[in-house]
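Asker: the sequence isn't on hand, but the structure is:
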């Protein structure tokens, strides 16, 4: 099994990227989140990988973030959710927000994601709620704290910062100023100015 790939980006498409590693070009299917974090063609990148085997086909799925890969692997364990649907789900919602929506039984939020109908939303809640509560409950609350973190992160991205540069800073700022988006943004900017 291929667990990660590091190499030069030969080509980027909306839902895939071709990475050359040791003279071999690997096509990895990616979510929109991972796609948005990829550097330009010709630059070096490392992605976590999931290898999906079918009767006559091997597909690779790539993830910039290990947490996104872990959520993807949980999604494909759900009856009726294959790798392509899991990738599409993660293109429509951040992994942590998805976990929170499942843990808090936010069926309407799940159904607002392209590709998820009432039955799949119900299955996600039934089959994953307990697993996610045990594994990610503390880190992925999407109540007011998670929403504030997402809003603050969005504000910094709109200011031109790169997600990989600010995610941890925003998370730390949320721990200090968890009730107010403006305070979280100010604290994050103060940390970034150092």
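Answerer: All right, it came through fine. Small disclaimer: the values here were computed from a predicted structure and weren't measured.
Asker: for my notes, confirm residue 28 occurs in a helix.
Answerer: No. Under DSSP: H, G, I helix; E, B strand; the rest coil, residue 28 sits outside any helix and is assigned strand.
Asker: now do the strands in this protein.
Answerer: For the chain, the strands defined by DSSP state E occupy 4-12, 16-21, 24-30, 44-54, 57-63.
Asker: quick one: buried residues of the first one?
Answerer: In other words, strand 4-12. 5, 7, 9, 12 (16 or more other C-beta atoms under 10 Å). Any C-beta I mention is one placed from the backbone N, CA and C, and that applies to glycine too.
Asker: contacts only, for the nearest residue to residue 30 once chain neighbours are set aside.
Answerer: Residue nearest to residue 30 in three dimensions, not counting chain neighbours: residue 62, with 4.9 Å by C-beta to C-beta, 6 or more residues apart in numbering. Neighbouring residues of residue 62 by C-beta atoms under 8 Å, 6 or more residues apart in numbering: 5, 17, 19, 28-30, 34, 47-49.
Asker: tabulate the strands of the chain (CSV), appending mean pLDDT and distance to residue 134.
Answerer: Compiled in CSV, the strands of the chain are given as follows (pLDDT from 0 to 100; distance: least, C-beta to C-beta, whole Å):
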stretch, mean pLDDT, distance to residue 134
strand 4-12, 95, 26
strand 16-21, 96, 33
strand 24-30, 96, 28
strand 44-54, 93, 22
strand 57-63, 94, 22
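Asker: any chance of the ones you listed in a markdown table, plus distance to residue 174?
Answerer: Compiled in a markdown table, the strands of the chain are given as follows (distance: least, C-beta to C-beta, whole Å):
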| stretch | distance to residue 174 |
| --- | --- |
| strand 4-12 | 29 |
| strand 16-21 | 31 |
| strand 24-30 | 27 |
| strand 44-54 | 25 |
| strand 57-63 | 23 |
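Asker: out of the ones you listed, nearest to residue 188?
Answerer: With respect to residue 188, and counting by C-beta to C-beta, the nearest of those is strand 57-63 at 24.4 Å.
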